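Participant: mind looking at a prediction? Sequence and model below.
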Amino acid sequence: MTVTRDERVACAVRIGELAVSGADAEAFADVVDIENFRFHGPDGNESDHAGLVAYFATLRAAFDNLTLTRGIMLADGDYMAYQTHFGGTFAHEFTASPVGPLPPNGRHVRWDVINIVRLDGQGRVVEEWAQYDNRSFLRALGAEGR
């Protein structure tokens, strides 16, 4: 099966929509290989699809009006690279910060992520690498010096 660039872009956008909306894991089945998916994040964070869905639940719980938008997108063969822009008001405890639970500071927070994904033959994401600046993210959350 040949997946066009436009179909790949639509897949990346759809994954973001599902993650922010809190869709159940089965809703991802057409865009993610749920069984074989592997996530590689900052500081050696490794996860399967269930772990990533759980992480997004902590984001939705901590940030009011959480948004996720995609920026520049590049596609080459079975790989895509793109920018992801997150934003929201830090209104509730964030339990999944890299330094442990953090109390809310009421500020609007924005952070950017660079994603690289590998697609399977059906155009679903099977592996993802994501990186972002933990220091600036923590500073925005009010965790300076922790």
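Facilitator: Arrived safely.

Participant: ok, now which ones touch residue 17?
Facilitator: By Cβ atoms under 8 Å, 6 or more residues apart in numbering, residue 17 lies in contact with residue 68. Placement of C-beta: from N, CA and C, glycine included.

Participant: repeat that for 10 Å
Facilitator: By Cβ atoms under 10 Å, 6 or more residues apart in numbering, the contact set of residue 17 is 23, 27, 31, 68.

Participant: just the residues you listed: which are in strands?
Facilitator: Members of those lying in strands (criterion: DSSP state E): residue 68.

Participant: would TSV of the contacts of residue 17 with distance to residue 52 be doable?
Facilitator: Output for the contacts of residue 17, formatted as TSV (distance: Cβ to Cβ, whole Å):
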residue	distance to residue 52
23	12
27	14
31	13
68	13
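
Participant: with pLDDT and neighbour count added, can I get the contacts of residue 17 in CSV?
Facilitator: What follows is these, written out as CSV (pLDDT from 0 to 100; neighbours: other Cβ atoms under 10 Å):
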residue, pLDDT, neighbour count
23, 85, 15
27, 86, 15
31, 90, 20
68, 92, 19
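
Participant: quick one: which of the contacts of residue 17 is nearest residue 8?
Facilitator: For those, the minimum distance to residue 8 (Cβ to Cβ) is 10.1 Å, reached by residue 31.

Participant: enumerate every residue touching residue 10.
Facilitator: Here residue 10 is in contact with 3, 4, 31, 123 (Cβ under 10 Å, 6+ apart).
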